[in-house]
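# turn this into a structure:
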Amino acid sequence: MPILGHNKGTVKDAESTDLSSLLNVLEWMDYVIFSPDKRVDLDLVRKLRSGVRNPWAHSPNQEFTNVDLNNAFDTANKILADLDIIFRCNEVKKCIKKIKFVQANGVTNVVKAELDAVNLLRNELVADVSQLKENQIFDRQIIKENEKRLENLEKLISQLQISNVQETGRRAQIKNCIPDKPCTFIGRDAEVKEIISSLTEKNGCGIVSIVGGPGFGKSTVAIEVSHHLIDNHDIIVIFSYLSNVSAVPDVFLRLCQDVGVNPGEDSKLSFTLWLKNIKERVVLVMDNIEQLLEEEVRSEFTELVLTLRKNSEQQLQILATTRTAFSIPNQPTKSIPIGELDEKSSVELFRKFCPDEEIKDGYLSELANLCGFVPLAMSVAGSRIADLDDSFELIQWLKVKPMKTLQSTDNSQCVRKTIEVSFKMLTNEDKKAFARLSVFNGNFQKKSAEEIIERDGLETQNFLGQLVARSLIQRSSDKRFVIHSLIRRFLADHDQHQGEKVIGEGLMVKHFLNMCHLLTMKSYSKDGFTDARKLVKKDAHNVEETLKVCCQNEVTNVNPHVIESLVSSDVYKSSSRFFSNFVWDLLPRTVLRNFHESCIMLAGGREQVAIQITFQCLVADQEGYKSAWKSPEYITRMEAIKKAFGRNETALKEDRSLYSYCYYFYARYYSHKPTNTPCPDLSEADLAPLSENKARNPTDNAHEVLILIRRAELNKIRATKYKEKREEYTNCAKALYNQALSSAKESLGDHELTCTCHKLLGDLYIKNEEALMYYSDAIKLRKKLQLDFNEPFMYLLKNYGSCLFYRGRFEESVETLHEARNIAEKLGEKRPCTANVYYALARTYRSWKPDSQEAAKYAKAAVEMKDLLDSRYVKNIHIFEAAEENMTKEKSQQY
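Below is the predicted model of the structure:
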């Protein structure tokens, strides 16, 4: 019956249904359901519910004043009189008699088990008396004595039946202390099942705790479990809200109120006596007890739990919800963690608020992500959808002002207030430290936290452990920590601690730029590349956030701590070239480029010419790779570098490494132009002498390898331009590449630069058999270094496939080129290498299977990206495409 609302799922029959629900049915059911003369007076129904049933059910001591009691019986008698007029059945007449009896005699307490035992005894006596009368073999005196005993028992039974009314009422009241079942319950079935199993199995846990962060739905799970226990396991459940209770004596007072016991002067004693009279299993749900787990009251709370368990002879079990994990000594305990909902359950939850199929799951998934997959946040956000003209407004609000958005219009649900409860339990110093941690946009290690909050290792470990225990942060299996996205936004937006965030950002920039420099140095040490990459990968998201902060503050200048940390860092002053080469495929290109451009502006404002030109070269290099060295912006940037280099050549020469880097960087660009004569190599006379006292660092060795590579590239260009000296220049290039490879192996070991040397030697002889060996070595080493997913590996496979094509090994060529294509499609973005891979596939299929449509397919794909295609291939690709189209026409004409 829909009128029963949320109770309809638990209703079995009228007799066992809660009286309030039955009265609701009588009041709310449409008139057309009843015959005209069969409807009870609705005013009497309302008075019975609101003036009798509800005050009695919710009265802590189940006591009325004489006036209230007389009014209650008056209402009850009137509605029974009305019922008697309408229905005139025996049940109504019996009820009238019982009410009058109770009104005259009152009620007393009794346990139902006693009534059952006396009933059994009466039945045995009745059987005995009947047997004696039938057989007439026993003394009449015995019969009279038994009849007298039977008469006495009948009187006792009458009294016990009256007493049982109050016992039944007591059980009903305990049940009614439990909140209604949640309207929406999604995604927690596994947790509910585990909790019920822990409580109901043989030798079940005495104490089960549901532990989770603010708004994760701990109370909702506890309510769902409570209804399962009552409906399916015949267990008494007492649900007690304790969020506003911070002292143990107040806990006993609240428990007395929840079970309807008069607390008297000693609420602990009153509840303990009540507990001793309970002969059935009881589950006490203690909701939101984290404040009782604070250090100053924790021992008292532990004693309370032990007292409850002891006085119930272990019949009482406790189900607690808390943000703080806990255990009780010498008690069987179990902790059930409650985390964020998964994406599927989150979308299902939003669908309860938004059944409109026009709103796609993708939109709801994005909402769930912005809500951090927290049930409370998603419930508040979901309730807003129906009121919006443009549903995408909600996404924008959640991005810009999440705390304000995640507050219901009636203020009954508020994510900010939920988080504030735990935040207020911290000391002032810990609040400041926690606010600083909001700079981490993702997981972080303890060492990073030490630097940000400026505490030593032990203090930091204790502080992080405290935050984990309070469910304010989470600890992962690899000993890292993470702040939930909503808690992070709460901290970031907290007005009282903006100053701490400003300090934290400056310390974050200092820490992570220093970490980047050290790991860059490590990566260029002998065989240090792999370990350094693994370490920087773990904090790639923090490095990304650091570079973003540097860009924002360079433009706005709102945080001098950030600028100071940036300009004093080694990444800014000296190691930027090597750092960029080290991390370029681990960070978004736009983030890295924005950082470089910010550093150009910063160095320009401070007249740091060498630093400015270095970052100009890095930005130009990125633009060149992106546009296949063709875009006007790339050309403009290179011309600007040429002018800056010319103006400051004398100053740049003081730094041997930087001068040669800038010279060969521009020389490559200049020498590639068809009309230009390739630039000459630098001689030792052009360079500042090496300091005899200066210790060589790892990047010095890497720099020498890079210069050898640049010199080899210039000779390769010369071999192309001066055909009469092609062999001479080619041999010179080969010698320089081999020298670079030898130096890389010796000083760097297994390193990306070593892979590059192998690949460049293969490129030099791409049409010859010996190239296959170099390509094969490069592929093996890249896979060993776990560099087999990025653009350089795609280029390597493309060139290896082309070499196989030149050697007539078409099937192997196609297989290799398809591997390169797969990487291109995973990377997604259109790139010059992708266009060249499509060209290579079209060319190989054209030679291998002339009748195949694959050549046209890949030729068409390459033409669509012709702006990124090597200019040497553009003419050929149109020929392939036209040939395939003609072949298709000829075949169609044959049919």
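
# ok, the spatially most central residue of the chain - contacts?
Against the mean C-alpha coordinate of the chain, by CA atoms, centre = their mean, the closest residue is G372 at 5.7 Å. G372 makes contact with 340, 484-486, according to CB atoms under 8 Å, 6 or more residues apart in numbering. Yep, even glycine has a C-beta here, placed from its N, CA and C like the rest.

# do the same with S365
S365 sits in contact with 343, 346-347, where contact means CB under 8 Å, 6+ apart.

# what's the answer for V225, then?
Applying CB under 8 Å, 6+ apart to V225 gives the contacts 192, 195-196, 199, 285, 319.

# any chance of those residues in JSON lines, plus pLDDT?
Shown next, in JSON lines, are these (pLDDT from 0 to 100):
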{"residue": "V192", "pLDDT": "94"}
{"residue": "I195", "pLDDT": "95"}
{"residue": "I196", "pLDDT": "94"}
{"residue": "L199", "pLDDT": "92"}
{"residue": "V285", "pLDDT": "94"}
{"residue": "L319", "pLDDT": "95"}
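
# in strands, which of those appear?
In strands, defined here by DSSP state E, the members of the contacts of V225 are 285, 319.

# go through the contacts of V225 and name the one nearest L153.
When the contacts of V225 are compared for distance to L153 (CB to CB), L199 wins out at 39.3 Å.

# for that closest one, give me its contacts.
The neighbourhood of L199, defined by CB under 8 Å, 6+ apart, consists of 205, 208, 225, 229, 235, 283, 317, 319.

# please flag which of those sit within strands.
Of the positions in these, 208, 283, 317, 319 sit in strands, assigned by DSSP E.

# and the residue nearest to the centre of the chain, how far from G215?
Going from G372 to G215 by CB to CB, to the nearest Å gives 9 Å.

# closest one of the contacts of L199 to V259?
For those, the residue nearest V259 by CB to CB is V283; the value is 12.6 Å.

# wait, isn't the closest one in contact with D234?
No - with contact defined as CB atoms under 8 Å, V283 and D234 do not form a contacting pair (11.5 Å).

# between these two, what contacts are shared?
Common contact partners of V283 and D234 (CB under 8 Å, 6+ apart): none.

# among the two, which residue is more densely surrounded?
When V283 and D234 are compared on other CB atoms under 10 Å, the one with more neighbours turns out to be V283, at 23 against 9.

# hey, where'd the helices end up in the stretch 151-300 of the chain?
Here the stretch 151-300 of the chain has its helices, by DSSP state H, counting those that start in this stretch, at 189-200, 218-233, 248-259, 267-277, 295-311.

# let me have those in TSV, adding distance to G604 as columns.
Output for the helices of the stretch 151-300 of the chain, formatted as TSV (distance: least, CB to CB, whole Å):
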stretch	distance to G604
helix 189-200	58
helix 218-233	55
helix 248-259	66
helix 267-277	74
helix 295-311	55
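
# ok, which of the ones you listed comes nearest R821?
Evaluated with CB to CB, the helices of the stretch 151-300 of the chain place helix 189-200 nearest to R821, the distance being 41.9 Å.

# what's the angle from the closest one to helix 218-233?
Relative orientation of helix 189-200 and helix 218-233, computed by axes from the mean of the first three to the mean of the last three CA atoms, to 10 degrees: 60 degrees.

# and Y765, how far from R711?
From Y765 to R711 the distance is 18 Å (CB to CB).

# ok, these two, which is more surrounded?
The neighbour comparison of Y765 against R711 (other CB under 10 Å) goes to R711, with 22 against 16.

# against D82, how distant is the more buried one?
Summarising the geometry, the distance separating R711 from D82, computed by CB to CB, is 109 Å.

# now swap in N836 and tell me
Distance of N836 to D82, given as CB to CB: 92 Å.

# what do you get for N311?
For N311, the distance to D82 under the criterion CB to CB works out to 47 Å.

# again with D410
Computed with CB to CB, the distance linking D410 and D82 is 39 Å.

# so these two - more neighbours on which side?
Neighbours were counted for D410 and for D82 using other CB under 10 Å; D82 has more, 16 against 7.

# if I pick the more buried one, what's in contact with it?
Taking CB under 8 Å, 6+ apart, we find D82 in contact with 40-41, 44.

# ok, K352 touching A386?
No - in terms of CB under 8 Å, K352 does not count as a neighbour of A386; the distance is 11.5 Å.

# more neighbours, the two?
Between K352 and A386, counted using other CB under 10 Å, the more crowded position is K352 (14 against 11).

# contacting residues for the more buried one?
K352 makes contact with 184, 186, 382, according to CB under 8 Å, 6+ apart.
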